[in-house]
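In: Sequence and predicted structure, then a few things I'm wondering about:
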Amino acid sequence: MSDQPPTAVMWFRRDLRLGDNPALLAACDAGAAVLPLFVLDPRLWGPAGPARRAYLAASLAALDMSLGGRLVVRSGDPVREVHRAAVEVGAASVHVAEDFGPYGATRDRAVESALGDAGIALRRLGSPYAVAPGRVVNRTGRGYQVFTPFARAWHGHGWRDPVGPPAPDQPWVSAPSEGIPDAPVPDAMTLPAAGEQAARERWSAFLTDVASYDADRDRPDLDATSRMSVHLKWGEVHPRTLLADLAPLRSDGATAYRTELAWREFYADVLHRRPESAREYLRREFGAMEYDEPGGDLVAWQEGRTGFPVVDAGMRQLRATGWMHNRVRMIVASFLVKDLHLEWQHGARHFLRWLVDGDLASNQHGWQWVAGSGTDASPYFRVFNPTTQGQRFDPRGDYVRRWVPELADVDADYIHEPVLRPGGLPNGYPPPLVDHAEERREALARLERMKSG
DNA sequence: TTTTGAGTTGTTCGA
DNA sequence: GTCGAACAACTCAAA
């Protein structure tokens, strides 16, 4: 063994791709041969809902196929498993893309320490972002707390060009694998196709329509969004690849899409600087607001039985597909926080359990934005009206009818307010859980009391 | 240091 | 039906 050149380990986490993967290329450079490793961490797998598990399993299967069946999967604590695998194959280094999340960063330090005791280096290269969290700073070296100046500085910072996949004759190391976890797609659910190839195909299809993204992306009844969130979440594609494709485009749609990518980077940056904001109010004074205790209302929201059609459609789309249109995410979130007066964490937890694209930074800070405790100077009066939002963004009611079959026969005039329909509510559809106008006043009154109290 | 302008995504009301 | 104003005050960024 000692007269053989050392090998290297590529530890995949949320970068399940071969293309534009600097850490993987570094591993290929560093070792005579590379062990492609994925560790199924019970602390992440345990809380994941069935859709998330099924998607990850499918993505791992796709990665394994692109590696010619050589992906090694181990389950257990990464601190033990990464060390064990590296020693098994005589590796001198383990390569990763840097994880900037609160859990991942701590875990990586522990892994690094365990590896160090065996004389093995943990080498971090790249991240899931065009610009690594913490790098965008103002003139005094501090991070931004407002999106617009962040986005300007982020764009000015720039990023490297995409890199290609490893050479076709790259030698790989084999080792015993526990195999990809068995996590079938739940009955009655349809999940997006997983893997690097699927991501690229979806992206190509979206690029042909990107010019209309700006005008149509808020319409849940149309298929006008990129649907790249899940692929970005699992690293099946790197945002730098998308930015490179967008760079020559000048349409409003391309600009709007770049801005959405900037939001993703902004929230990762904020979470990196304020890791406690994954659980606590970013604006701490909101902790003092009066909230209601979750009960039957929370369950009605989760199950899509609030009596507000666009809210119910969104919550059912989530349970059926592991995804929800972004405009509808804002509407259902506003309903939970402003109409039911529940803390944002209850909704954020439900989203992370069900969303296949659920990302801690974007999810928690999206919820904090709706709750008013997030990064922007939230206008106190920003309370979504679920009826008028439905009428504006789902004007014919196609989105509602697709996900709420009880309303299939209601025409556009009443689809967002079926209680007004002559002849009354269709069988089986509940009346509105609350009076929105009343709860809006209540939410504003509680905000007022929080400020003066 | 001080000042100034700006801040993703809304709703309601009255003209 | 459309349109503009009002709805608070505050924090942040940059000049």
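Out: Cool, the structure landed. Numbering: from 1, shown residues only, chains lettered A, B, ... in the order given.

In: for the residue lying closest to residue A:356 once chain neighbours are set aside, what are its contacts?
Out: Once flanking residues are discounted, residue A:356 sits nearest to residue A:322: 3.7 Å by CB to CB, 6 or more residues apart in numbering. (C-beta placed from N, C-alpha, C; glycine too.) By CB atoms under 8 Å, 6 or more residues apart in numbering, residue A:322 lies in contact with A:51-52, A:55, A:189, A:191-192, A:230, A:354-357.

In: So is the longest helix along chain A next to DNA strand C?
Out: Counting residues, the longest helix in chain A under DSSP state H turns out to be helix A:252-273. No. Residues of helix A:252-273 contacting DNA strand C under CB under 7 Å from any atom of the strand: none, with a closest distance of 10.0 Å.

In: got the contact list for the residue in the stretch 201-350 of chain A positioned nearest to DNA strand B?
Out: DNA strand B sits closest to residue A:263 of the stretch 201-350 of chain A, with a gap of 4.2 Å, by CB to the nearest atom of the strand. The contact partners of residue A:263, by CB under 8 Å, 6+ apart, come to A:147, A:362.

In: hmm, try it at 7 Å
Out: Listed by CB atoms under 7 Å, 6 or more residues apart in numbering, the contact partners of residue A:263 are residue A:147.

In: Would you mind giving me the confidence score for it?
Out: The model reports residue A:263 with a pLDDT of 96.

In: give the contact list for the most centrally placed residue in chain A.
Out: By CA atoms, centre = their mean, chain A has its centre lying nearest to residue A:359, at 2.9 Å. Shown in contact with residue A:359 (CB under 7 Å, 6+ apart): residue A:233.

In: Now it. Its backbone dihedrals?
Out: Note on residue A:359: its backbone torsions stand at phi -120, psi 130 [degrees, to the nearest 10].

In: Residue A:373 versus that one, what's the distance?
Out: Per CB to CB, to the nearest Å, residue A:359 is found 19 Å from residue A:373.

In: And the pLDDT for the residue nearest to residue A:356?
Out: Model confidence at residue A:322 (pLDDT) stands at 97.

In: What's the local residue count around the residue in the stretch 301-450 of chain A positioned nearest to DNA strand B?
Out: Relative to DNA strand B, the nearest point of the stretch 301-450 of chain A is residue A:377 (2.6 Å; CB to the nearest atom of the strand). The number of residues packed near residue A:377 is 10, by other CB atoms under 10 Å.

In: Need the nearest residue in space to it, chain neighbours excluded.
Out: That would be residue A:146: by CB to CB, 6+ apart, it lies 7.9 Å from residue A:377.

In: where are the low-confidence patches of the stretch 1-150 of chain A?
Out: Low-confidence segments of the stretch 1-150 of chain A, defined by pLDDT under 70: A:1-3.

In: for DNA strand C, what are the nearby residues on it?
Out: Contacts of the stretch 1-150 of chain A with DNA strand C, taken as CB under 7 Å from any atom of the strand, map to A:138-139, A:142, A:144-146, A:149-150.

In: For the closest residue to DNA strand B within the stretch 1-150 of chain A, grab phi and psi.
Out: Shortest the stretch 1-150 of chain A-to-DNA strand B distance, computed as CB to the nearest atom of the strand: residue-wise this is residue A:148, at 3.5 Å. As for residue A:148, its main-chain torsions (degrees, to the nearest 10) stand at phi -60, psi -50.

In: Repeat that for residue A:70.
Out: According to degrees, to the nearest 10, residue A:70 has phi -100, psi 0.

In: thought it was touching residue A:173?
Out: No. Residue A:70 is beyond contact range of residue A:173, at 8.2 Å (criterion: CB atoms under 7 Å).

In: Compare neighbour counts for those two and give me the winner.
Out: Higher neighbour count among residue A:70 and residue A:173: residue A:173, with 21 against 16, using other CB under 10 Å.

In: just the helices in the stretch 251-400 of chain A please.
Out: Here the stretch 251-400 of chain A has its helices, by DSSP state H, counting those that start in this stretch, at A:252-273, A:296-303, A:309-321, A:326-334, A:344-354, A:360-371, A:386-393, A:398-403.

In: In JSON lines: those, plus distance to residue A:421.
Out: Below are the helices of the stretch 251-400 of chain A laid out as JSON lines (distance: least, CB to CB, whole Å):
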{"stretch": "helix A:252-273", "distance to residue A:421": "36"}
{"stretch": "helix A:296-303", "distance to residue A:421": "21"}
{"stretch": "helix A:309-321", "distance to residue A:421": "11"}
{"stretch": "helix A:326-334", "distance to residue A:421": "21"}
{"stretch": "helix A:344-354", "distance to residue A:421": "29"}
{"stretch": "helix A:360-371", "distance to residue A:421": "30"}
{"stretch": "helix A:386-393", "distance to residue A:421": "13"}
{"stretch": "helix A:398-403", "distance to residue A:421": "13"}
